Each structure stands twice: as structure tokens, then as C-alpha cells.
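# this one's structure only:
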């Protein structure tokens, strides 16, 4: 179903006649104000400062001889965001892998979903792993999010909170992202961040217009209701309590090629400064919630054209989540990559 056309009506006062004997007052043309969606463009995000805060351990979830898993929280723009932290046994400090999960229905999601299998593989090999639940997932607070940028902000504030974790070596941070989390990772790579190497696993397109073409723009109003349909993208959070002009600006931006270029990291790959690995299954994209391989081919070529360090691995017959030997091969390649650039 095509997105609705949004019409903005500008009300003006009734003109007042000026007597011929009076000199008309010349009103200067006002300086154009930034578009309401400017803060969510790559340029707007690059102007931001992310301060994070103190990370809190809420609960010990699992303790083994080789690592401990915790439920944590941290502040992000006035919100409390939850997540899962895993710390290897030993004194450390250890290199850190920030892990960004893919889309999951909020009613079914529990902390660590989408990253737990890979996190266990990494922590067993000496890496601190930490995965944000993102706003509106898990026990995190609710807040609007346009073009996934709320999630980007949560991850940036997570990294800004890492100095409060003594076992984390904040000079050695890598990032791993699957599906939606891969798209979030790509957006972060165009910002100023401490990430030194990034692994993209079946990532969302780096061109937000591709996401809107496949899934529509954000579900307006109740996101839980939006998750039950396929005509809107409930990864974005657009509550009906927002001012009408903000919602209109959001929808108008989804229909504007110029605005989408300002929002999508694909058109700002010159800012990427770290090596990237991309892993995609040749059979991905076979259902609506998956990511077509063409998105990864497009990003790979864009990074090559921008002169960046990128490797693309295609796994024959694998779908959106790898299985069997392919998954082990993928993770071993990721670990070798992180060892090269973080150790």
C-alpha cells in the first residue's frame, strides 16, 4: 500500500490594506530554519556529542569457569537502556565487541536475543561482549526513533559508557551487527566513534530508501499493532503523541530523494575510517523479514568506490541466519578479523 500523501496547510492572516500615503514596512525574508528531520541526518548526527554515563549491573544471569553474563543498564539521552554484558574470566582489561541485534517482535524479545550465540563464541575467546536492547526493546525505556537513529544514539551512548567498566579496554573496540543491527553499525561507521573494526552479518541496506521500498516507513501510533502487519516498518517508532508537524516532516522525508540521501549512510561512505567485513547468504532475502544479498553487494561496491578496506563473503545456500559449518566459518573469519585489528 503506497504511503499517504501528507499535505501541510500554512495559515496566514487576512491581508491588511496599506494606505497609499504610508510607506510600506519592508519585512526581511526570514532565514530558513533547519528541517525538522535534520538531527536525524548523517550531518546532524555527526554534530552530536554522546556522553553516556555509569553502567549498572542489575543481575548476574550466568557464571561459568570461563565467563560471566550480566543484565546491565546505562543512560542514553535521558532514557534507561538495558542490555547483556559478558566478561571473560581473568583480570583483563579485554578488547570489546559491541553487538547490535536484528529486528525481533518486542512482545517476543528477551535481552540478548539475536546476539547470544555469537556473543558466547566471542567471550570464550577473550572478548568482552555487550549488546544493547535498544529503546523500546527488552526493559529499555520507550522513545521515538526516526530512521533507526534512536537505536544509533543508544549504541553511541553505550560506547560512551564503557569507561565505567574496568574490564573493558576502550582502546580496542570492535562492532558486530546482524540484519537491522548491521544497518545500525553501518550508520555508526559514518560518525565519529571508537570502533576500530566492524563485521556486518546479513545487514540491512545502507541506503534507507531501500528499507522504505521493502517495508514502508515507520508505523504511526501503536508499534505493537504495527508489528502485526507488513505495510509499515515497526523498527521505527513514531508515536501518535508527536506534534503533527514532526510526523509530517518524517513522512515527507521518506518521499524525498534529496532528504533520504542526507539520511542514508550509503551516500556518506567517505567518513568510514575502519576495515569492514560483510557476510551474506546467497539465499537471503527469501521472506519479507530478511535482507536481499543485493544490499550487501551494493554496500561492498560503494565502499570499494570510496577507497575503503572491505571484504565480502558470500555463503552458498545460506539464508538470513547461517547454520551448520557456514556459521562456524563466518564466526572464525570474524574472530580472525578482530584479532588482526584489535589485538
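Looks like it came in fine. Since the structure is predicted, the reported quantities are computational estimates derived from the model, not experimental observations. Numbering: from 1, shown residues only.
# Helices along the protein, start to end?
For the chain, applying DSSP state H gives helices covering 42-46, 116-123, 149-161, 180-189, 208-215, 223-226, 244-254, 257-263, 293-305, 324-342.
# what's the fourth one packed up against?
When contacts are defined as 3 or more Cβ pairs under 8 Å, 6 or more residues apart in numbering; DSSP states H and E, helix 180-189 sits against strand 94-100, helix 149-161, strand 168-178, strand 195-201. The C-beta positions use only the backbone N, C-alpha and C, and glycine is treated the same way.
# Give me whichever of those is most buried.
strand 94-100 (a mean of 27; mean count of other Cβ atoms under 10 Å).
# ok so, going back, can I get the helices and strands packed on helix 180-189 in a markdown table including mean pLDDT and distance to residue 51?
Formatted as a markdown table, those follow (pLDDT from 0 to 100; distance: least, Cβ to Cβ, whole Å):
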| stretch | mean pLDDT | distance to residue 51 |
| --- | --- | --- |
| strand 94-100 | 98 | 17 |
| helix 149-161 | 98 | 6 |
| strand 168-178 | 98 | 14 |
| strand 195-201 | 98 | 17 |
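# quick one on the thing from earlier: tell me which of the helices of the chain sits most buried.
Comparing the helices of the chain by mean neighbour count (mean count of other Cβ under 10 Å), helix 180-189 ranks first with a mean of 28.
# which residues touch that helix?
Residues outside helix 180-189 that contact it (Cβ atoms under 8 Å, 6 or more residues apart in numbering): 42, 45, 99-103, 114-115, 148-149, 151-152, 155-156, 175-177, 195, 198, 200-206, 211, 235, 265, 271-274, 276, 291, 299.
# returning to that earlier point: make CSV out of the helices of the chain and add distance to residue 52.
Shown next, in CSV, are these (distance: least, Cβ to Cβ, whole Å):
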stretch, distance to residue 52
helix 42-46, 15
helix 116-123, 20
helix 149-161, 3
helix 180-189, 14
helix 208-215, 25
helix 223-226, 25
helix 244-254, 26
helix 257-263, 24
helix 293-305, 28
helix 324-342, 20
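# picking that back up, and residue 221, which of the helices and strands packed on helix 180-189 is closest to it?
For the helices and strands packed on helix 180-189, proximity to residue 221 was assessed by Cβ to Cβ; helix 149-161 is nearest, at 16.5 Å.
# Can you tell me what sits against that closest one?
Helix 149-161 has contacts (Cβ under 8 Å, 6+ apart) with 39-40, 45, 48, 50-55, 74-77, 79, 81, 83, 98, 100, 130, 132, 134-135, 140, 143-145, 173, 180, 184, 187-188, 191, 193-195, 235, 237.
# Now find how far off-centre it is within its chain.
The chain centroid and the centroid of helix 149-161 are separated by 9 Å, computed with Cα atoms, centre = their mean, to the nearest Å.
# do the same with stretch 183-201
On Cα atoms, centre = their mean, the centre of stretch 183-201 falls 9 Å from that of its chain.
# Straight-line length of it, end to end?
10 Å (Cα to Cα, to the nearest Å).
# can you tell me the average pLDDT over stretch 53-61?
The pLDDT scores in stretch 53-61 average 98.
# what does it contact?
Against stretch 53-61 from outside (Cβ under 8 Å, 6+ apart): 68-75, 82, 84-85, 157, 160-162, 164-165.
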